[in-house]
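Visitor: after the sequence you'll find the predicted model.
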Amino acid sequence: MLFNSHEFIFLFLPITFFIYFYLNTKRLITASKGFLVFASLFFYSWWNIAYLPLILGSMLFNYVIGTSLSKDNEHKKVTKKQLLSFGIIGNVILLGYFKYTDFFIENYNLAFNTNANLLHLALPLAISFFTFQQVAYLVDSYRGETKEYDFLNYSLFVTFFPQLIAGPIVHHSEMMPQFANAKNKVKNYRNIAMGLFIFSIGLFKKVVIADTFSVWATQGFDVSNTLTFIDAWITSLSYTFQLYFDFSGYTDMAVGAALLFNIKLPINFNSPYKALSIQDFWRRWHITLSRFLRDYVYIPLGGNKKGN
């Protein structure tokens, strides 16, 4: 189910919104959280229900390890570092299996002149986003920066449908307090107005701008046999802007949809094509991914200080 589909805009989003806040008005807080998790999993399963056990298994795996890591005492048989390594490796294997198995088989066949059959694995929806999100949770649990969360709250953190499919990559410290805030359980008409406005901007970016550039890019790359100098530039720039407006528009729709539920997601794009350098561009494009790579890859590996 896509954000710009009729099913999402006219059925899923309004029905989820009204039922969620209706349960909150009846002070059924646990039920409202449970319903939001159920709705998010339904949203995820719309594409292919066969991958529902995958995200459920991933959540259970990471929740158990994260809970163990958050405890103060060292484990009797394994250290916290070993447990963290096991958790991260498990997540990376899951991601790598679906994304790169056929890639490695193809290259193995080329290198050794074999004819091994490809698995033709379909990439599960949002696997990169919920994997990165949970790896960050495990590392923070290891550092002692997480609190005791029950499985329902953790499930809501991972599956919250506005950010589940295409991000932004959220951090538990910026999401959990919002889910727990009692003020966020009642309708906020200012947030509703802002959410609808931001969602509309994202929808315009996706449907009107990105999809229009997509037609021109497809014509140049996939249809035309030869391109003139001007046609080549038009095709290249069309794809450049299609890529940005598609991703940025989808992120805006995610921010707007979340705001309807009084949840503020982090900004993921800051006019990257106005950047004056590659470094500036990196800071403006997919900001939450850059943040993840900085905090959980670059700095732990020593950053620019040449540490361990």
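Guide: Arrived safely, thanks for sending. Numbers count the residues shown, from 1 in each chain.
Visitor: what's the burial count for residue 268?
Guide: When neighbours are defined as other C-beta atoms under 10 Å, residue 268 has 25 of them. Every residue, glycine included, has its C-beta placed from N, CA and C.
Visitor: and stretch 100-109, how far from the chain's centre?
Guide: Computed by C-alpha atoms, centre = their mean, to the nearest Å, the separation of stretch 100-109 from the middle of its chain amounts to 26 Å.
Visitor: sorry, slip of the keys, the one I care about is stretch 23-32.
Guide: On C-alpha atoms, centre = their mean, the centre of stretch 23-32 falls 27 Å from the chain's centre.
Visitor: quick one: average pLDDT of the strand or helix carrying residue 34?
Guide: Using DSSP states H and E, the element containing residue 34 is helix 29-45. In this model, helix 29-45 carries a mean pLDDT of 94.
Visitor: what packs against it?
Guide: Counting contacts by 3 or more C-beta pairs under 8 Å, 6 or more residues apart in numbering; DSSP states H and E, helix 29-45 is packed against helix 13-25, helix 52-69, helix 151-159, helix 161-164.
Visitor: could you dump the last one to CSV, C-alpha only?
Guide: Listed next in CSV are the C-alpha coordinates belonging to helix 161-164 (Å, rounded to 0.1, in the frame of the first residue of the first chain):
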residue,chain,number,x,y,z
PHE,A,161,3.5,2.9,9.7
PRO,A,162,4.3,6.5,8.5
GLN,A,163,8.1,5.8,8.9
LEU,A,164,8.1,2.0,8.3
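Visitor: which elements pack onto whichever helix or strand comes after it?
Guide: Downstream of helix 161-164, the next assigned helix or strand under DSSP H and E is helix 172-180. Judged by 3+ C-beta pairs under 8 Å, 6+ apart, helix 172-180 is in contact with helix 127-143, helix 151-159.
Visitor: relative to residue 254, which of those helices is closest?
Guide: helix 127-143 (10.6 Å; C-beta to C-beta).
Visitor: separation between the residue nearest to residue 65 when sequence neighbours are not counted and residue 250?
Guide: Excluding the flanking residues, the one nearest residue 65 by C-beta to C-beta, 6 or more residues apart in numbering is residue 87, at 4.2 Å. Distance, residue 87 to residue 250, by C-beta to C-beta, to the nearest Å: 29 Å.
Visitor: and for residue 5?
Guide: Distance, residue 5 to residue 250, using C-beta to C-beta: 12 Å.
Visitor: out of these two, which sits in the more crowded spot?
Guide: Legend: neighbour count by other C-beta under 10 Å for residue 5 and residue 250, higher for residue 250 (22 against 12).
Visitor: let me see the contact set for the more buried one.
Guide: Going by C-beta atoms under 8 Å, 6 or more residues apart in numbering, residue 250 touches 3, 165, 166, 202, 206.
Visitor: likewise for residue 134?
Guide: Contact partners of residue 134, counting by C-beta under 8 Å, 6+ apart, are 58, 59, 62, 66, 91, 158.
Visitor: any idea which of the residues you listed is closest to residue 14?
Guide: Lowest distance from residue 14 to those (C-beta to C-beta) belongs to residue 158, with 23.8 Å.
Visitor: quick one: the helix holding residue 34 to chain centroid distance?
Guide: On C-alpha atoms, centre = their mean, the centre of helix 29-45 falls 17 Å from the chain's centre.
Visitor: and the helices in the stretch 151-300 of the chain?
Guide: Assigned by DSSP state H, counting those that start in this stretch, the stretch 151-300 of the chain shows helices spanning 151-159, 161-164, 172-180, 189-204, 211-218, 229-260, 278-284, 287-293.
Visitor: what's next to the shortest one, contact-wise?
Guide: Counting contacts by C-beta under 8 Å, 6+ apart, the residues outside helix 161-164 that touch it are 16, 39-40, 43-44, 126, 129-130, 158, 169-170, 253-255, 257-258, 261, 263, 265.
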